[in-house]
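Visitor: Whatever this is, show me its structure:
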Amino acid sequence: MWDFIFAYLLVAFSLWFFFLRKASASSNVKSSTATSKPAVAQAPKKVVETPKVVVETPKPTAVEEVEVVEAPKVVEAPKVVETPEVVETLPETVETPEPVAETPKAEEAKTPDFEVEEAKQQEEEEGSNSSPMTSDEEGSVSHGWVKVSASKGTRRFAASELKVEWGVAELQGKRPNMEDAHIAFSNNVDGPQQEKLKELGLVGLWAVYDGHKGPRAAQFAADNLHNSIFAHIESNGGRSISETDLREVLFKSFVETDAKLVEDELKEGYSDGSTAVVALIQEDTNKLFVANVGDAEALLVKNATADSSNPFVVATVKHKPTVPTEKKRIQEAGGFVVMGRLSGLSVSRSFGDKELKIPTEEDGNCIEKLMLEEPDITVLDLKKDEDAFLIVGCDGVWESFPHNDSAQFVRSQLVDEATGNKRSAQELTALLVKEALRRGSTDNISAIVVLFNWDN
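Guide: The predicted structure is shown next:
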């Protein structure tokens, strides 16, 4: 368009110059030139005005003369708008790659700090003296080592951490037959109940069954009672079960197991019986639950630095026909206690003994259930600075070996004086039953020793 205007002006100027020379050469044609000059000169004036209008102001009249349709082309031309410069500024304005690239680095830098803070928080919760599990403690170890409140290092609790080591020993002793049975499970030792204990939040379960009139009742209870306990815990909240509910679980499990045993005795035609003591530790609370029927017992023994006036706690209740409340109950049910015995038995509660569980009528007198299967249940909080170990055993252990003497004996054997080495729980249990026999026990002797090792 500018080329066209320039050519137009050049032609106009040439014509103007031509007529100017002609006018100066001949004055005769002045008039005609004068008349022609305005017409010729007027055209350039219009043309000169046109570019001024387009360049300076976009007046509607001027736009109409020059055909404003061309104006967009001028605006859109790269030379006028110069959009490349605008586009080039965009990368400078949006230079976010560098900050974005640095963001992951910042997150990675924060992660260790978070872990450090978490570790510090765990130390504050667990106590400055607690230590994390080592790789040696994560798997199963002989003699039942297990870290309470940190199964395989994945669980942590505010309560002081406890390790337990247990051992089992039994002797037939002076009896013609071995009628005792026992079970011992912990959540670190390979076995059929290991995963179940972990699932239910139990460190372990230990039980001794002292049979009489034969071994079948003791073995039946050993095969079934813990399964009933596990099933009821699972249906009552699992590892989050309350203390009250766990007490009820133990009670129901004893009653249900006995009902199955009596049914089996009626079916198979035997009438064996068995006392029982069951101990378990709840992982999240460090609570010790002990349930018993008959005269099997459990002792919670304090360490040497604890109150010497109370060196142990008896965690069980003896059920003997000579106990006033038991004797009264038996008599009110139509039974008799002769020479301190119920139908020749020295206990008033047991598993089995079907003839003493089923109501009968004799000489017109109704005799109700004389032998109960209902346990007494004791719950104790294990304490870091006090509790040293637990002894679970049948009455053959304490027949000639009083509680205080047996507790002191195990404590005195914790370290082998000849070597200066600590004895294992298995060694201590073996020494205990042998000592009970040496002191005159005439019964079968079965015992479990559970050592408590608190993290320092």
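Visitor: rest of the way, CA atoms for contacts and neighbours
Guide: Fine.
Visitor: now the stretch 351-456 of the chain, which segments are flagged as low pLDDT?
Guide: Along the stretch 351-456 of the chain, the parts satisfying pLDDT under 70 run over 456.
Visitor: Would you map the helices across it?
Guide: In the stretch 351-456 of the chain, helices defined by DSSP state H, counting those that start in this stretch lie at 395-398, 403-412, 425-438, listed in chain order.
Visitor: Residue 427 - nearest residue in space that isn't next to it in sequence?
Guide: residue 167 (7.4 Å; CA to CA, 6 or more residues apart in numbering).
Visitor: Also residue 311?
Guide: Excluding the flanking residues, the one nearest residue 311 by CA to CA, 6+ apart is residue 302, at 5.2 Å.
Visitor: same question, residue 334
Guide: Distances taken as CA to CA, 6+ apart place residue 367 nearest to residue 334, at 4.8 Å, with adjacent residues excluded.
Visitor: same question, residue 211
Guide: Nearest non-adjacent residue to residue 211, counting by CA to CA, 6+ apart: residue 274, 4.0 Å away.
Visitor: The one you found is in contact with residue 352, isn't it?
Guide: Yes. The pair residue 274 and residue 352 passes the contact test of CA atoms under 8 Å, sitting 6.6 Å apart.
Visitor: shared neighbours, these two?
Guide: residue 217 (CA atoms under 8 Å, 6 or more residues apart in numbering).
Visitor: For stretch 219-232, give me every contacting residue.
Guide: With CA under 8 Å, 6+ apart, stretch 219-232 has contacts from 180-183, 196, 200, 207, 209, 249-250, 253-254, 256-258, 261, 351.
Visitor: May I have it as CSV, with CA atoms only?
Guide: Presented in CSV, the C-alpha positions along stretch 219-232 are these (Å, rounded to 0.1, in the frame of the first residue of the first chain):
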residue,chain,number,x,y,z
GLN,A,219,-4.9,-84.0,78.5
PHE,A,220,-8.4,-83.0,77.3
ALA,A,221,-8.1,-79.7,79.1
ALA,A,222,-4.6,-79.1,77.7
ASP,A,223,-5.9,-79.7,74.2
ASN,A,224,-9.0,-77.6,74.4
LEU,A,225,-9.0,-74.8,77.0
HIS,A,226,-6.6,-72.4,75.3
ASN,A,227,-8.6,-72.8,72.0
SER,A,228,-11.7,-71.7,73.8
ILE,A,229,-9.9,-68.8,75.4
PHE,A,230,-8.5,-67.6,72.0
ALA,A,231,-11.9,-67.9,70.3
HIS,A,232,-13.7,-65.8,73.0
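Visitor: in it, what's buried?
Guide: The neighbour-count check on stretch 219-232 (16 or more other CA atoms under 10 Å) flags 219-222, 224-230, 232 as buried.
Visitor: among those residues, which are in strands?
Guide: If you go by DSSP state E, the buried residues of stretch 219-232 have nothing in strands.
Visitor: Distance to residue 293 added to these, as a markdown table?
Guide: As requested, the buried residues of stretch 219-232 are exported to a markdown table (distance: CA to CA, whole Å):
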| residue | distance to residue 293 |
| --- | --- |
| 219 | 15 |
| 220 | 15 |
| 221 | 12 |
| 222 | 14 |
| 224 | 16 |
| 225 | 13 |
| 226 | 15 |
| 227 | 18 |
| 228 | 16 |
| 229 | 15 |
| 230 | 19 |
| 232 | 19 |
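Visitor: between these, which is closest to residue 379?
Guide: residue 229 (15.8 Å; CA to CA).
Visitor: Distance check, that closest one against residue 191.
Guide: Distance, residue 229 to residue 191, using CA to CA, to the nearest Å: 17 Å.
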